[in-house]
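Novice: Take a look and give me a structure for this.
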Amino acid sequence: VKVMVLMVVFSLFWSSPTIAHEGHTDPVLEELSDYLMAIQILRIDDPKAMDIFEIWQELKDESREIRKLTDEQDLLINSEAVLKQIGKTRGKRDELLEECRAYFAEKIQKEPAIRFVVGRSVKCVQDLPQLEVQAQHKKVVLIEIKNRRRSAVDLSISSNYSDEILFWNKQLVLAPKSSRYTFVVLAPLEEGNSSNSIRIIDMSANIASATVELNGIPTVDEPYLYLPHTSKTKIEVPLYHRTPVKAEPPFSGSIKFSITDKQSGKPIAARIEVADAEGKSYWSPLRGPSYAVNRNTDWGGRTPFWDYQPGPYFYLKGDAELGVNPVGKNVKVYHGFEYKPVNMQVPGNGKIDIAMERWINMPERGWYCGQTHIHTTDIGVPVSLSKYWPLVSQAEDLHVSAILTLMGEWHNHAIYANEYPMGERKAFSTPEHIVTYGEEFRNNPYGHLVFLGIESLIQPLSTGALGDMGGPDYPPNSYILEEARSKDATTIAAHFGNFLDKEVDQIGIKWPSTGFEMPVDVALGNIQIAEIAGNGGTVSVWYDILNCGFKIPATAGPDWMIKDSPRVYVNLGNRDFTLENWDKELRNGNSFFTTGPMLFFKVNGKSPGSTLNVENAPVEFHLDIEALTPDGKIPVEIVYNGEVVLKTTDRSTEITLDDSGWIAARCEGAHTNPIYINFEGRPAGLAKPAKEFIKVIDHLTDWVNKKALFDNENQKSEVLEVLNQGRMVYEDVIKRSEKLGRR
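Specialist: Alright, predicted model coming up:
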């Protein structure tokens, strides 16, 4: 019985992935990535942590210098100048690691901490007293794990769910007689007590736990904010200055807003733009539940059916007040794609009472929208999630907001959008608007990947130059995707097909990612979804992937650009709106992406993502089609194997097909996912796009041989083998297609 209990406990807390390539994560890079997440919070009010953070900035510059030599000077990776720079970079990396370890070792002696010791068993030798933290503030508490064994030990560390006592689940490998640090973040959202436990388990199912008790006390000092460094891209976090919270003085003149839903009469959140006759915008000062975006930029999706707001603008919930004179002002009010925008002159008394009216109710039809690639705390919408993101997601009427943690690219933040651990964040979600965390894993030129539904970050977050620590272009994205799939993650290829529809003379590592490994990852079955709509994404490349016979639905991920950007609508039918149900149908492709129009499409009663198996050609299929806007129906194009075969405004029609492939509907501003047609004995696939993808793979193979950075030849051989495996799949597509008379 005791053995059975241990086995059950072990299965609950240990989640080592079953994949073919164990140990591909560099332990030093993984350790540094974890440390930097703590350092960038600690630096706010600790000069020593800021000094260490500056070493990371130096390391970042040294690491990027490697790629300047290979990209800009076209030097080979084994040239003398490049090898010298690699050595310099790794020396700086060693310095950073030593400084981090020494800093944590000193800090843990002076402040409350958690300590675990791994010997014959696993023990917690130092627990925490109850700690007081001001509401809306953060405090890092260190955790030390000592391995006293003479052999390496694999450990899994996890915590209960909490939105105030935050721990990022992880697996660690500790060398013999060594120590490792990690951390928990205390982030009370409001006053009051809460508790959580941190558990550690080894491969023999030895378990220890530590209790963390938090007392959220009244906010006295202003919380730190992420502030714009320039008008375009950068965010700087200033050293924390303790400034007492002060009440705002009364406004001498103001515009008072009251925004409700016309049908229910209940207050709703909205996005607001206020401007005068000369076009000058007003967005501050604000009072009430509101958030101002002082950003005047051309970023964001332009839509043919909605006024594009370049900003500045602000969000509010129900009632709020803008402290400007109402005379001569105009106001625009938006609440997602399903409500009619309002554009009106501000009355002289400054009172704006608006009941927002739906033109369509998609949830009543079983459809729920979301965006699968969002970042906070940087360009686009620089939001401190705990305070503002729920307001933003509700005002934009996003049913699912997938915020992605990723390695930073600028000097102000080592890791972006890492405010919370993975998964749904219940404190910021409502039954209609879910906020969840995922990960963006990146390598240029292999490509950027999105992982949804994971419980822990897949390390090292980024490889190669985007890892910024002199790490290798290893493992290939294929290995990372296998690990994500083993954890039942939803895998998405971000910025799908960027530049693959163009001739590229030289592969480089700068953003946006060219995604040269993407065709391989699709061929090997590791990519489930293509990010077509958003910041990047190429429809023609998606069509070519589908024309090779792969079933890859599309999604919408705006990246940094929330406002007016594309979103994906997922059909749940009669099932409840939950993140699990939404994610499942997203994978199935029962969806369409849009910048406004609502597009409905069925073939023989089957929804997008379905496969219709038929026998002898030709076969007549019945189509149900409708594209709706606030102004009525608009024309729809029917696309079969990438070619427009019909344009219609009819709601019902027929089409005759004589070969396997895919069929979808599109209109101005929207596109459905495919329905797949399978004629018996004639599997889908065309030779021409497969030949083009082989050229892409060969181009990347050449780069790997000449310019990719590896720690050893085995890493290089493994990457080349993965590329060759993908290449062979496309060779099979070509042979099969040509045998069937397709070119």
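Novice: so the residue positioned nearest the centre of the chain, which of the three states?
Specialist: By Cα atoms, centre = their mean, the chain has its centre lying nearest to L404, at 2.8 Å. Assigned state for L404: strand (three-state reduction, DSSP: H, G, I helix; E, B strand; the rest coil).
Novice: Same question for F53.
Specialist: Relying on three-state DSSP, one would call F53 helix.
Novice: Now do the buried residues in the helix or strand harbouring Y388.
Specialist: Here Y388 sits within helix 385-395, counting by DSSP states H and E. Buried residues in helix 385-395, counted by 16 or more other Cβ atoms under 10 Å: L385, S386, Y388, W389, P390, L391, V392, S393, Q394, A395. C-beta here means a position set from N, CA and C on the backbone, and glycine is covered the same way.
Novice: Next, the residue lying closest to E65 once chain neighbours are set aside: phi, psi?
Specialist: In space, and not counting its chain neighbours, E65 is closest to Q85: 5.4 Å by Cβ to Cβ, 6 or more residues apart in numbering. Per-residue torsions, Q85: phi -70, psi -40 (degrees, to the nearest 10).
Novice: ok, Q85 to K68 distance?
Specialist: 9 Å (Cβ to Cβ, to the nearest Å).
Novice: Which one of the two is surrounded by more residues?
Specialist: In this view Q85 and K68 are compared by other Cβ atoms under 10 Å, and Q85 has more residues nearby, 22 against 15.
Novice: need the contact list for the more buried one.
Specialist: E62, E65, I66, L69 (Cβ atoms under 8 Å, 6 or more residues apart in numbering).
Novice: which parts of the helix or strand harbouring the first one are buried?
Specialist: Read that as E62. Per DSSP H and E, E62 falls inside helix 47-67. Of all the residues in helix 47-67, those buried under the rule 16+ other Cβ under 10 Å are 49-50, 52-53, 55-56, 59-60, 62-67.
Novice: Wait, V733 touches G549, no?
Specialist: Yes - with contacts counted by Cβ atoms under 8 Å, V733 reaches G549, the gap being 6.3 Å.
Novice: which residues do these two both contact?
Specialist: In contact with both V733 and G549: G685, using Cβ under 8 Å, 6+ apart.
Novice: of these two, who's got more company?
Specialist: Taking V733 and G549 together and counting by other Cβ under 10 Å, V733 has the greater number of neighbours (26 against 22).
Novice: which stretches of the stretch 151-300 of the chain have low pLDDT?
Specialist: 224-249, 294-300 (pLDDT under 70).
Novice: Where do the strands of it begin and end?
Specialist: Counting by DSSP state E, counting those that start in this stretch, the stretch 151-300 of the chain has strands at residues 153-159, 165-166, 170-174, 178-186, 192-202, 207-217, 227-228, 235-236, 255-261, 269-276, 281-282, 286-287, 290-293.
Novice: what's the model's confidence in stretch 689-705, averaged?
Specialist: Mean pLDDT, computed over stretch 689-705, is 95.
Novice: Quick check: buried residues in it?
Specialist: Quick answer for stretch 689-705 (16+ other Cβ under 10 Å): P689, A690, E692, F693, I694, V696, I697, H699, L700, T701, W703, V704.
Novice: Contacts for it next, please.
Specialist: Contacts for stretch 689-705 (Cβ under 8 Å, 6+ apart): 445-446, 473, 500, 504, 507, 516-517, 519-520, 523, 544-545, 547-548, 716, 719-720, 723-724, 726-727, 730-731, 733-734, 737.
Novice: what element comes up after the lowest-mean-pLDDT helix or strand in the chain heading to the C-terminus?
Specialist: Using mean pLDDT, DSSP states H and E, the weakest-scoring helix or strand in the chain turns out to be helix 2-13, at a mean of 33. Per DSSP H and E, the first helix or strand lying C-terminal to helix 2-13 is helix 27-42.
Novice: what does that following helix contact?
Specialist: 49, 52-53, 56, 93, 96-97, 100, 104, 138, 140, 142, 168, 170, 173, 180-183, 185, 237, 407, 413-415, 418, 459-461, 467, 469, 471.
Novice: Do you have the helices of the protein handy? List them.
Specialist: 2-13, 27-42, 47-67, 80-110, 385-395, 477-486, 518-523, 539-547, 579-588, 687-706, 713-739 (DSSP state H).
Novice: pLDDT (mean, whole number) over the longest one?
Specialist: On average, the pLDDT along helix 80-110 is 97.
Novice: returning to what we had before: the buried residues of helix 385-395: which two are farthest apart?
Specialist: S386 and A395 (16.6 Å; Cβ to Cβ).
Novice: Verify the contact between A270 and V331 for me.
Specialist: No - counting by Cβ under 8 Å, A270 sits too far from V331 to count as a contact (10.3 Å).
Novice: residues touching the closest residue to P112 other than its chain neighbours, list them.
Specialist: With sequence-adjacent residues excluded and distances taken as Cβ to Cβ, 6+ apart, P112 is closest to L128, at 5.3 Å. Applying Cβ under 8 Å, 6+ apart to L128 gives the contacts P112, A113, I114, V141, A210, T211, V212, E213.
Novice: Please apply the same query to K138.
Specialist: I41, V185, L186, A187.
Novice: distance of it from K584?
Specialist: In terms of Cβ to Cβ, K138 sits 34 Å off from K584.
Novice: before we move on, what about R442?
Specialist: 26 Å.
Novice: Measure how buried Q725 is and give me the count.
Specialist: Count around Q725 with other Cβ under 10 Å applied: 13.
Novice: So it sits against V520, correct?
Specialist: Yes - proximity of Q725 to V520 meets the contact threshold set by Cβ under 8 Å, at 7.3 Å.
Novice: ok, back up a step: and the contacts of K138, which two are furthest apart?
Specialist: Longest span within those, Cβ to Cβ: I41 and L186, 10.7 Å.
Novice: so where is the stretch 451-600 of the chain shaky, pLDDT-wise?
Specialist: 509-512.
Novice: returning to that earlier point: okay, now the closest residue to the residue nearest to the centre of the chain other than its chain neighbours: neighbour count?
Specialist: Residue nearest to L404 in three dimensions, not counting chain neighbours: E440, with 4.2 Å by Cβ to Cβ, 6+ apart. Look at E440: counted by other Cβ under 10 Å, it has 24 neighbours.
Novice: residues in contact with E440?
Specialist: H373, H375, L404, T405, L406, H448, L449, V450, F451, A494.
Novice: Please name the residues that touch K606.
Specialist: L612, I675.
Novice: Out of the helices of the chain, the one nearest I200 is which?
Specialist: Going by Cβ to Cβ, the one of these nearest I200 is helix 2-13, 8.8 Å.
Novice: residues contacting the closest residue to Y446 other than its chain neighbours?
Specialist: Excluding its sequence neighbours, the residue lying closest to Y446 (Cβ to Cβ, 6+ apart) is E517, at 4.0 Å. The contact partners of E517, by Cβ under 8 Å, 6+ apart, come to N443, P445, Y446, G447, P476, N477, S478, L700, L723.
Novice: most surrounded residue in those residues?
Specialist: Y446 (33 neighbours).
Novice: can I assume that one is in contact with P476?
Specialist: Yes - using Cβ under 8 Å, Y446 is in contact with P476, at 6.4 Å.
Novice: P674: how many residues sit nearby?
Specialist: P674 has 28 nearby residues by other Cβ under 10 Å.
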